[in-house]
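what follows is a predicted protein model with its sequence.
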Amino acid sequence: MKTIVRIGALYNASALVVFVTPGLMPALGVPLPSPFWVWLPGLLSLFYAIVLWLSAADLRRYGAFPYYSGIIRLGFAALTFTLDFPGTAGRITALLGAIDLVLGLACVVGIPRASGRTPLQLLTNRGGD
């Protein structure tokens, strides 16, 4: 499970590269917004990557972070297809939604087992002492 969480962290770090590399978003079919909407999600992705990477070292104690990450990833996957992100923000978002679906399911199912905590304990950040 530690490896899956770290893959998720690297996946998020790659988002930073995509957001801030000039010309890469338009090359992927994503309309280029103002610089604010490039840097804000890019830096948030970097923070997200750091939190996941560090939490992978001790899932018993920090499992709530990747567990919530899994829930957020599942939410993004659902929104991607119900709000037609591929049609409005570029077809690459369909791939992103599919990857987030897989990583999200892996975390929501795997983190409770790997951490020895119930989903409720993870949601409330209890039982990781």
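Thanks, I have the structure now.

pLDDT below threshold where in the chain?
By pLDDT under 70, the weakly predicted segments of the chain are 128.

again, 80 this time
32-33, 128-129 (pLDDT under 80).

for the top helix by length along the chain, buried residues please.
The single longest helix within the chain, with elements called by DSSP state H, is helix 92-115. The neighbour-count check on helix 92-115 (16 or more other CB atoms under 10 Å) flags 92-94, 96-97, 99-101, 103-104, 106-108, 110-112, 114-115 as buried. Heads up, the C-betas are built off the backbone N, CA and C, glycines and all.

and the helix or strand following that helix, what does it pack against?
Using DSSP states H and E, the helix or strand that follows helix 92-115 in sequence is helix 119-124. If contacts are counted by 3 or more CB pairs under 8 Å, 6 or more residues apart in numbering; DSSP states H and E, helix 119-124 sits against helix 64-82, helix 92-115.

buried sites along helix 119-124?
121, 122.

also stretch 53-66?
By 16+ other CB under 10 Å, the buried positions in stretch 53-66 come out as 53, 55, 56, 59, 62, 63, 64, 65, 66.

that stretch: end-to-end distance?
Start-to-end span of stretch 53-66 (CA to CA, to the nearest Å) is 9 Å.

then stretch 74-92?
The separation between the terminal residues of stretch 74-92, taken as CA to CA, is 17 Å.

other residues contacting that stretch?
For stretch 74-92, contacts defined as CB atoms under 8 Å, 6 or more residues apart in numbering pick out 28-31, 93-94, 96-98, 100-101, 104-105, 108.

give me that answer again for 10 Å
18, 25-31, 33, 93-105, 107-108 (CB atoms under 10 Å, 6 or more residues apart in numbering).

equivalent analysis for stretch 42-52, please.
With contacts defined as CB under 10 Å, 6+ apart, stretch 42-52 is touched by 5-21, 41, 62, 65-66, 68-69, 72, 107.

and stretch 32-40, by the same measure?
16, 18, 19, 20, 21, 22, 23, 24, 25, 26, 41, 89.

that older thread, select, from the buried residues of stretch 53-66, the two members most distant in space.
The largest separation in the buried residues of stretch 53-66, counting by CB to CB, is between 53 and 64 at 15.2 Å.
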